[in-house]
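Participant: Whatever this is, show me its structure:
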Amino acid sequence: MNYLSIEQEARSVQMAIWKARRARSIKTRDQLLELFTPQSAAEVLGIRYEFINRLANFGGSVSGLELAGLFDRQAGKIVISDRFSPEIQKYTGAHEIGHMTMHTELVMHRDRPIGGLDFESPARSLQEREADYFAACFLMPRKIVTEAFEDNFGQLPFVFDEETAFWLSPRDFGSLLRPREDSLDRELALASTTRFKGNRVEPLCKQFRVSSKTMAIRIKELGLVA
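Facilitator: Alright, predicted model coming up:
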């Protein structure tokens, strides 16, 4: 998977939104993140973006998992089920935008609920992992995540020692000093904490309106923890 080219593709869509919305007056991070939505991307790409109460079951059976989103290239539209949480709707929509922009050979595609980033799994196809990474870059841009992280924690990269681990988890700081191998324990703490060094902070997962696990994986892949 070519991570750099996918990030550049997400960036090009963001720039198209910026130019179309004439967004020079935007002053805050929240305003900027409100700009980069799947609906805005669809608009600048000339794609209809629709919500529907229920999509067909995956596999066509009553017991199958309900679909969360689909795109139809010929019809020029993306359809998202509104029966799932806002985080799933948002990430699924950005995932479909990724398919539309990068996978031009796909004419129609359906997706199960996509909660966000996950560790790469051979069970998921390369195209699905590429669309997931596009969604991450689009919804959690490298520069904005880095700035928000530094605002919350005041250091880059973040170093875990007894003091910082205590501030993040005063009742169990040892688990952050000695995390399980290949775990996301440290990143999950950073993604979801509401206080650090006695100061209240807005959790990063809330700022970017994604799940704590998705935010944790983004923190890890951006190398924000030493």
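Participant: which one's the longest helix in this protein?
Facilitator: If you go by DSSP state H, the chain has its longest helix at helix 3-21.
Participant: Against which helices or strands is that helix packed?
Facilitator: Contacts defined by 3 or more Cβ pairs under 8 Å, 6 or more residues apart in numbering; DSSP states H and E place helix 3-21 against helix 29-35, helix 38-44, helix 86-102, helix 126-139. In this view, the C-beta of every residue, glycine as well, is placed from N, C-alpha and C.
Participant: run the last query once more with 10 Å
Facilitator: helix 29-35, helix 38-44, helix 86-102, helix 126-139, helix 142-153 (3 or more Cβ pairs under 10 Å, 6 or more residues apart in numbering; DSSP states H and E).
Participant: Need the residue closest to the centroid of this structure.
Facilitator: By Cα atoms, centre = their mean, the chain has its centre lying nearest to residue 136, at 3.8 Å.
Participant: Just want to check the distance between that one and residue 9.
Facilitator: 12 Å (Cβ to Cβ, to the nearest Å).
Participant: before we move on, what about residue 2?
Facilitator: Residue 2 is 10 Å from residue 9, where distance means Cβ to Cβ.
Participant: For the spatially closest residue to residue 174 that is not a sequence neighbour, report the pLDDT, please.
Facilitator: Excluding its sequence neighbours, the residue lying closest to residue 174 (Cβ to Cβ, 6 or more residues apart in numbering) is residue 165, at 7.6 Å. Residue 165 is assigned a predicted lDDT (pLDDT) of 96.
Participant: How about the one 4 residues further on?
Facilitator: Looking at residue 169, its pLDDT is 92.
Participant: ditto for residue 193
Facilitator: pLDDT for residue 193: 97.
Participant: Quick one: neighbours of it, just the number.
Facilitator: A count of neighbours around residue 193, defined by other Cβ atoms under 10 Å, yields 20.
Participant: same deal with residue 129?
Facilitator: 17.
Participant: same thing with residue 77?
Facilitator: For residue 77, the neighbour count with other Cβ under 10 Å is 16.
Participant: Please apply the same query to the one 10 residues further on.
Facilitator: Close neighbours of residue 87, defined as other Cβ under 10 Å, add up to 18.
Participant: just checking, it touches residue 68?
Facilitator: No - when contacts are counted by Cβ atoms under 10 Å, residue 87 is not listed as touching residue 68 (11.3 Å).
Participant: re the thing from before, are there residues contacting both of residue 2 and residue 9? Which ones?
Facilitator: Common neighbours of residue 2 and residue 9, using Cβ atoms under 10 Å, 6 or more residues apart in numbering, are 130, 133.
Participant: between those two, who's got more neighbours?
Facilitator: Set side by side, residue 2 and residue 9 show more neighbours around residue 9, with 20 against 10, by other Cβ under 10 Å.
Participant: quick revisit: in a helix, the residue nearest to residue 174, correct?
Facilitator: Yes - assessed by DSSP: H, G, I helix; E, B strand; the rest coil, residue 165 belongs to a helix.
Participant: ok, now which ones touch it?
Facilitator: Residue 165 is in contact with 172, 173, 174, 175, 176, 177, 178, 179, 186, 189, counting by Cβ under 10 Å, 6+ apart.
Participant: What residues sit buried inside the helix or strand bottoming out on mean pLDDT in the chain?
Facilitator: Lowest by mean pLDDT, DSSP states H and E among the helices and strands of the chain is strand 108-111, with a mean of 86. Residues of strand 108-111 classed as buried: 109, 111 (neighbour count, 16 or more other Cβ atoms under 10 Å).
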